[in-house]
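Novice: have a look at this fold, sequence not included:
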């Protein structure tokens, strides 16, 4: 299929690959699994952020440090039907999340007041809340 245009690669790479030889298929998938990954600097920063979010969850009454996460895209690759307001997100998740729980939100939204309907019911955290844990890694690594 042609790159760009109406096609977006938002599924696993192997959805577009077929190998007649199953051994080649397995080798390729295992190669990707074992060798294509984020550099250690990013992995370690992410682990520090997760540990910090877990600590926040403990402070908010969850002894196990459990938290929920959202990836809310508001800019790139946005489909019109997926561009919903925070009130609708709240309606969609209200029965799935514990009131007063901790949520980490990965987002490209610049206006943090967008999340106020969720903030009324949950303890929200964003990457910017954990920049000490991120450290001095290259900003191009995380957006």
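Specialist: Received, thanks. It should be emphasised that the depicted structure is a prediction, and the values quoted were computed from it without experimental measurement.
Novice: what segments of this protein are strands?
Specialist: 68-72, 102-107, 123-126 (DSSP state E).
Novice: in the longest one, what counts as buried?
Specialist: By that I understand strand 102-107. Within strand 102-107, the residues that qualify as buried are 102, 103, 104, 105, 107, counting by 16 or more other CB atoms under 10 Å. For every residue, glycine as well, the C-beta is placed using N, CA and C.
Novice: for that strand, which helices and strands make contact with it?
Specialist: helix 40-59, strand 68-72, strand 123-126 (3 or more CB pairs under 8 Å, 6 or more residues apart in numbering; DSSP states H and E).
Novice: report the separation between residue 25 and residue 33.
Specialist: 13 Å (CB to CB, to the nearest Å).
Novice: the more surrounded of the two?
Specialist: residue 25 (14 against 9; other CB atoms under 10 Å).
Novice: beta partners for the residue most central in space within the chain?
Specialist: With distances taken as CA atoms, centre = their mean, residue 71 lies nearest the centre of the chain, 4.2 Å away. Beta-bridge partners for residue 71, by DSSP bridges, are residue 106.
Novice: alright, calling it a day.
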